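Q: Kindly return the folded structure for what I paste below:
(4 chains)
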4 protein chains.
Amino acid sequence: MTGNIFGERYVVASFGESHGKAIGAVIDGCPAGLSLGNKDIQRELDLRRPGISSLSTPRKEIDKVDILSGVHKGCTTGAPICLTVENSDVDSHPYETIKNLPRPGHADYLARIKYGGFNDYRGGGRFSARRTISYVMGGAIAKKLLLKTLKTRIVAYTLEIGGIRANNISFEEAENRRYDNEVRCSDSETANKMMSKILNAKKTGDSVGGIIECIAKNVPVGLGSPCFSALDSDLAKAMLSLPAAKGIEFGSGFAGSKKLGSENNDPYAIKNHQPVSVTNNAGGILGGISSGMPIVLRVAFKPVSSISKPQSTVNLESMSKAKLVVPGRHDPCVVPRAVPIVESLMAIVLVDHALRAQLIPPVLND
Amino acid sequence: MTGNIFGERYVVASFGESHGKAIGAVIDGCPAGLSLGNKDIQRELDLRRPGISSLSTPRKEIDKVDILSGVHKGCTTGAPICLTVENSDVDSHPYETIKNLPRPGHADYLARIKYGGFNDYRGGGRFSARRTISYVMGGAIAKKLLLKTLKTRIVAYTLEIGGIRANNISFEEAENRRYDNEVRCSDSETANKMMSKILNAKKTGDSVGGIIECIAKNVPVGLGSPCFSALDSDLAKAMLSLPAAKGIEFGSGFAGSKKLGSENNDPYAIKNHQPVSVTNNAGGILGGISSGMPIVLRVAFKPVSSISKPQSTVNLESMSKAKLVVPGRHDPCVVPRAVPIVESLMAIVLVDHALRAQLIPPVLND
Amino acid sequence: MTGNIFGERYVVASFGESHGKAIGAVIDGCPAGLSLGNKDIQRELDLRRPGISSLSTPRKEIDKVDILSGVHKGCTTGAPICLTVENSDVDSHPYETIKNLPRPGHADYLARIKYGGFNDYRGGGRFSARRTISYVMGGAIAKKLLLKTLKTRIVAYTLEIGGIRANNISFEEAENRRYDNEVRCSDSETANKMMSKILNAKKTGDSVGGIIECIAKNVPVGLGSPCFSALDSDLAKAMLSLPAAKGIEFGSGFAGSKKLGSENNDPYAIKNHQPVSVTNNAGGILGGISSGMPIVLRVAFKPVSSISKPQSTVNLESMSKAKLVVPGRHDPCVVPRAVPIVESLMAIVLVDHALRAQLIPPVLND
Amino acid sequence: MTGNIFGERYVVASFGESHGKAIGAVIDGCPAGLSLGNKDIQRELDLRRPGISSLSTPRKEIDKVDILSGVHKGCTTGAPICLTVENSDVDSHPYETIKNLPRPGHADYLARIKYGGFNDYRGGGRFSARRTISYVMGGAIAKKLLLKTLKTRIVAYTLEIGGIRANNISFEEAENRRYDNEVRCSDSETANKMMSKILNAKKTGDSVGGIIECIAKNVPVGLGSPCFSALDSDLAKAMLSLPAAKGIEFGSGFAGSKKLGSENNDPYAIKNHQPVSVTNNAGGILGGISSGMPIVLRVAFKPVSSISKPQSTVNLESMSKAKLVVPGRHDPCVVPRAVPIVESLMAIVLVDHALRAQLIPPVLND
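A: Take a look at the predicted model:
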């Protein structure tokens, strides 16, 4: 399988470049009988869309979904679902001017070598975060499937921006209020500070990074396996396919590596005649399989590479030193917009594993 | 593909349980013409083996490799290579006594549910870290291939134990001296402190976690791809398949998420008429593909779950509260022994991607 | 991988139903640097299109290709190529009337069970031969790649219709003249008889089957492998995915099974200082790998199931016996239209294997 | 996935060469809870073993199975099952003498090119039919699974030898009596003629081919899918991976391609309040999915290539014409020994598809 296809039983094949005709995905393996309409997908796309906040790029992408196949009489049919979004408000001009000036922190130069100069460099082409539209579309269906069949709920939110970290947020709070503000952090007091941090960076032509936390509740026991298809393995693979992601941790993660076993282990107790773990330092995954406790993961995003501050680069034509001020309209921080994308990838992985474990049937009947 | 097979062009199929007959791997896709003998694999297995240090379990596993196929006249043939290691010094008795007392931090209880009680629970069965023998065997061949064809060198070492972090270590220092002490950290002064930390934990029946750093040098530009086969995606998937791994980061990682774009971007300069990045906050990967700079990643390991301190658990037969003192012989810290395993997984992923990019040929001629 | 994706290094993901919005394919793994325009694909689609001959259905499908991604400045970029064709001239009415009357020889009834009644039954939905549009689009690119990089030429033609078999046809004759007549058999005398056979069947509301022969020249030695990725294995898998295909044979095939070893073996001789086989009973494949001789295969197609003669079926609502006259416009014989489709699948498999064997590079430079 | 791994949910990874240490398979994806012992596999291996009949090679291969993993307390555990058979009675001497004389009809010369001369040529190495031991081992488990969970019964038998074809044989007759004679054809009268044909060929240092028919009963409706994972596609892929297989057909197959649609369609009737097809020209598969009728397929085997009659070949060292009398001990006809192998591959494909369709559960409980 080549580089743009993910999953075994719920497969997402992604296509499209930033400034090409369209971005899209083919979803193969979705069970038949799920009610599905444009609005189910559009809702999620609208949460990812730029131009809706002072924090993000003023580009106006309409990002209207078109369902080309796999749905009949309002339900999925079991056939592959092709979804597309046309590209619009595309201004490729700036990319012609910097074609020979690779942007630091970007793959411009590497892509040129790898693809022999044939890659579509406009807007970053295939490397652009616009391809995450295909993740969100695949995730919108996956989320709906999970909720309907397993009552699994997934919530992501901004945990940290430029080092400013939110206080404890309950799952329900996050679920209900994560989209109440523009940074997508339901700790509204900290959200204000994060917002200032982003706007300050923007003002100076700079950018900031951050951390997203994502939690899945009502995940059945037994998704994943102890070796190469560990649930955390596949979640890590999915999350690191995000353009600016540079790290991931589960449960107590890096902090847990500093603790003693007696502190980090989650002791068992009995609840409703079932063994449950009292704490969740494991982040809901033990030995590569889901424990029934909430899955908790955090993804670290680097600050956006495209900044308008002058940077040192190289002119590839003349092979001489050069200064670059990245033109065009860019987000000073991708973290808020990445919130629904992280949720989508979590959903895609969980559906895939639930199908492997036969915990979601191939036909939904109700 | 089911859960025990990894890779696309260099495929590792892992099999074997802790207390079964044998652990092994089938390597499919190894180019023909690589000289290969038992000693190439045994050398790496010996670095993983327990019983060779005061820090690890006193179990004596001989772990002698047997090559069943794929090698003829001292060279790989292009056919699948099956490698096995017999299990020995197995004492399954303790596992019978705790069969109904799931160990906190372990998958005992989950495996019982997932596999309907049919799983081999002795020594953790398939969940045991003994299955990493198959990773090390696949990695031994991968390392040799990389060095011969691309001059790629891979070095891992203990960076942190129980919160104690080593000072800066040069690649060459680590390469030459990482195995000089038992914690496998070439900063010998800090290594002594780490050692005390581990021995203290051991004394109190407890355990500690830590962080391994792994660096690959001479990685050609262009391994990986911008979407689901991002090089960092596959490295993350591989590393999170390790029994106690709970997080991974690349380059500046989680710390980088707190920085500004102007601080975290790696500016370009010219060196030997080639563009090179001056810093390496990206950890050698941009947009999912290798940049030619060293690949730098860190894996967080939780403290070992099997501790001899009494822990709260549940008796699954009587469904009542219980106290558990895990019997048997266990490592107080897995980090030192995981060093060659992390190197192996790095090598496996790099070879797989180098074959996909056609940077390693299907037949080696020289 | 689920059911609509084929290949390892040159991957075709097919989507679309007969009466849905569009049919299409995502091609992942195509090397960068291949010049590609709509006309390269349209030419092949036009050969598959119905309504252009007295032998095929009078439905008018325009089948105009749209390239959504993966091509920039007239060349492939290395990114996935999404190709779509809108459905038009769709008349779904007849399918509502026979919704409960499964057509003999069709999967109507089985699809209803498998997909719980959610499948799109209009025009056969996903089971329709219209999905072969995606095969032809993937094949058009594959053919161009093969010709450019390896000079491989692929030719298919109608060998037999309703038991009437063409006389020996040379590769060049077939290559130059297979599309000269409507049955697509360059033995024009036999073609006339085949034509009468088809028109007679049509007149009586019946249908006929036949056999297509496909030959590939200039295939390099060494595509395939001795076990599950045998070249003939993958060709057989591809061909049997064709809607009406019921058999395949290579070289002397079924007839060869009646011969002696001394008759069927292909002896070696020397030509241009190279060993070559004097005959080609092997059909260009030995031990699962290409021999350098032309690959020769034949695919058997059953007579079209949709006939207007009355047939016995069952009314699924009333569970009573019923007579069915299949309404709508159907080909009396699919074989002529399948000629470019068989060529396409041959090309797709050969490109995939040539990429696996590193005989086509990831970037074309010239 | 590379060339020695087959399947998606029930995966068989094959390894081993003819004259290496061992032949084996790793089975990944087998449900937990299937009772399994050596004898379940040994029984099938014994049916494949040579040296037990006047018709086959006098080589004495003991072929004793060893289960290395995946079975605990007499039941499968859900972990990968590694099975090996040691090679014995190996005489590699003849292969040294003909190393430079490629055998007509064999892949000797092609393997030398493909693997740069590094391939293990002894006994044909990886190209030898000895690798089908791994198919039989994977099939033995698959057969047991199918019978237990779905009551699916699979029977293959020799249908034709050297053009001599058996008369109609009922499923039950074949099931009970196919191993009563050495040609493995329960039409005992024709079996005698087949036997003479084989012995005559043997006497003259020649060989004969033939056809095996394989039938599966009690296959549930809905295995397979309409596109690239058509059930017939995967069966064809599996069967063509057999060393001497050169063709496959389903149901009426090649003969059906000569019929009219009205003759070849299978009309529906009602039986036990269910629609059933009155005939089975489709061979139990329509539109790529199983119809509930018996699956019927036939595989054509070429006559064995290794014959002791003198043949024309080329000396690869001197690049001159040469005569070859293949030394060693070879079957004059592989068809009888291939009977259990064909059954095995049928079983492997059916289990894989039944798992994909969730018709076999991941844990067997009874």
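Q: Pretty sure B:Gly288 is one of the things A:Lys114 touches, is it not?
A: No. Counting by Cβ atoms under 8 Å, A:Lys114 does not reach B:Gly288; the two are 10.4 Å apart. Every residue, glycine included, has its C-beta placed from N, CA and C.
Q: Next one: A:Gly253 from C:Ser262, what distance?
A: According to Cβ to Cβ, to the nearest Å, A:Gly253 stands 70 Å off from C:Ser262.
Q: Same question for A:His353.
A: Distance of A:His353 to C:Ser262, given as Cβ to Cβ: 56 Å.
Q: again with A:Val85
A: The gap separating A:Val85 from C:Ser262 is 64 Å, by Cβ to Cβ.
Q: The two: who's more crowded?
A: Between A:Val85 and C:Ser262, counted using other Cβ atoms under 10 Å in any protein chain shown, the more crowded position is A:Val85 (25 against 19).
Q: How much space separates the more buried one from A:Thr76?
A: For A:Val85, the distance to A:Thr76 (Cβ to Cβ) stands at 19 Å.
Q: just A:Cys30 next, same as before
A: 5 Å.
Q: what's the answer for A:Leu47, then?
A: Going from A:Leu47 to A:Thr76 by Cβ to Cβ gives 22 Å.
Q: more crowded one of the two?
A: A:Thr76 (25 against 20).
Q: what sits against that one?
A: A:Thr76 sits next to A:Cys30, A:Pro31, A:Ala32, A:Gly33, A:Leu34, A:Leu36, A:Gly70, A:Ile141, C:Phe118 when contact means Cβ atoms under 8 Å, 6 or more residues apart in numbering or on different chains.
Q: Throw the residues you listed into CSV and include neighbour count and secondary structure, thanks.
A: As requested, the contacts of A:Thr76 are arranged in CSV below (neighbours: other Cβ atoms under 10 Å in any protein chain shown; DSSP: H, G, I helix; E, B strand; the rest coil):
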residue, neighbour count, secondary structure
A:Cys30, 30, coil
A:Pro31, 25, coil
A:Ala32, 23, strand
A:Gly33, 21, coil
A:Leu34, 23, coil
A:Leu36, 21, coil
A:Gly70, 28, coil
A:Ile141, 29, helix
C:Phe118, 24, coil
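Q: Report the two of the residues you listed separated the most.
A: Taking Cβ to Cβ, the two most distant members of the contacts of A:Thr76 are A:Ile141 and C:Phe118; they sit 14.5 Å apart.
Q: Grab the nearest non-local neighbour of the residue in the stretch 251-366 of chain A that chain C sits nearest to.
A: Ranked by Cβ to the nearest Cβ, the top residue of the stretch 251-366 of chain A for proximity to chain C is A:Val363, at 3.7 Å. Leaving aside its sequence neighbours, A:Val363 sits nearest to C:Gly116 (Cβ to Cβ, 6 or more residues apart in numbering or on different chains; 3.7 Å).
Q: On the three-state scheme, that neighbour is what?
A: Three-state call for C:Gly116 (DSSP: H, G, I helix; E, B strand; the rest coil): coil.
Q: contacting residues for it?
A: Taking Cβ under 8 Å, 6+ apart, we find C:Gly116 in contact with A:Ala32, A:Gly33, A:Val363, A:Leu364, A:Asn365.
Q: right, and out of the residues you listed, which lies closest to chain D?
A: When these are compared for distance to chain D (Cβ to the nearest Cβ), A:Val363 comes out closest, at 9.4 Å.
Q: got the phi/psi numbers for the closest one?
A: Reported as degrees, to the nearest 10, the phi and psi values for A:Val363 are phi -130, psi 130.
Q: Enumerate the residues of the stretch 1-150 of chain A near chain D.
A: Contact residues (Cβ under 8 Å from any Cβ of the partner chain) of the stretch 1-150 of chain A with chain D: A:Glu8, A:Arg9.
Q: Any idea which residue of the stretch 51-200 of chain A lies closest to chain B?
A: Closest point on the stretch 51-200 of chain A to chain B, by Cβ to the nearest Cβ, is A:Ala107, at 2.9 Å.
Q: how close does the closest residue to A:Leu231 other than its chain neighbours get to A:Leu359?
A: Once flanking residues are discounted, A:Leu231 sits nearest to A:Gly224: 3.0 Å by Cβ to Cβ, 6+ apart. Distance of A:Gly224 to A:Leu359, given as Cβ to Cβ: 12 Å.
Q: I appreciate the help and will end here.
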